[in-house]
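>>> With the input below, show me the fold.
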Amino acid sequence: MSMFAMTARAWVWRVLAILALGSCDVASGTTPQVTVLGGEITVRAPQFYCVSEGASRSGDDTTVVLIGRCTEAGQVAAALVTVTIGRFASGGVMLAGAESLRAFLRSSAGRRALSRSGRAGDVAVLQSGVVDGTLLLHLNDRVAGQYWRAIIGIRGRLVTVSATGAEGAPLTPEDGQRLVRQTVAALITANPATPPQ
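Coordinates of the predicted model:
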């Protein structure tokens, strides 16, 4: 569960300030998708959203990719989507199945791992479920507020996807869940089970 570590968590919050994502739009240095970890995984944004290449970060066999609404596409909700890719073989936690991980994350230790502050009491799991092997969580975090998170294994790595709204314009639970699921679908399409030779 190292991909939930405070290092990535703290980095994401620092980046938010740097990006000035008051509208959660991204402009320069954006692309529909980016290949990370030496070409091992492709992160693809859902329709009307773009990867912010300059704000994304790779290091020590992990990657955090930030996705925002493309500035010319005002027909979708302003949002920040964070895709965090764990170390090689971190996806092993999914071998017992997403239901087992779901049970763990509802425990005190699991909620501590999910919490932006690292304290179990600061996060509550409002809803959780497994859809097509993807664990979906609706969380209420004392630091981040309510948001949706998805957890899936891709090519042996544990991948989390979270979506939050703009300051003063939070995502509705429906929009947040929809955006997380659209991002997961884009990731699965971009990363077939057997990588191309």
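
>>> what stretches of this protein score poorly on pLDDT?
1-30, 71-74, 194-197 (pLDDT under 70).

>>> what about the nearest residue to Gly110 once chain neighbours are set aside, neighbour count?
Once flanking residues are discounted, Gly110 sits nearest to Phe104: 4.5 Å by Cβ to Cβ, 6 or more residues apart in numbering. Bear in mind the C-beta positions are built from the backbone N, C-alpha and C, glycine included. Around Phe104 there are 15 other residues, counting by other Cβ atoms under 10 Å.

>>> Just the buried residues of the strand or helix carrying Phe104, please?
Counting by DSSP states H and E, the element that carries Phe104 is helix 98-105. Within helix 98-105, the residues that count as buried by 16 or more other Cβ atoms under 10 Å are Ala98, Leu101, Arg102, Leu105.

>>> just to revisit the earlier point, from Pro32, how far out is the residue nearest to Gly110?
34 Å (Cβ to Cβ, to the nearest Å).

>>> Buried residues, stretch 150-163. List them.
150-155, 157-163.

>>> Looking at the residues you listed, which are in strands?
Among the buried residues of stretch 150-163, the members found in strands (DSSP state E) are Ala150, Ile151, Ile152, Gly153, Ile154, Arg157, Leu158, Val159, Thr160, Val161, Ser162, Ala163.

>>> ok, the residue nearest to Gly110 to Glu167 distance?
32 Å.

>>> And the helices in the chain?
With DSSP state H as the criterion, the chain has helices at 6-19, 98-105, 108-114, 173-190.

>>> Switch these over to a markdown table; also include distance to Ile41.
A markdown table is the format used below for the helices of the chain (distance: least, Cβ to Cβ, whole Å):
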| stretch | distance to Ile41 |
| --- | --- |
| helix 6-19 | 16 |
| helix 98-105 | 19 |
| helix 108-114 | 22 |
| helix 173-190 | 8 |
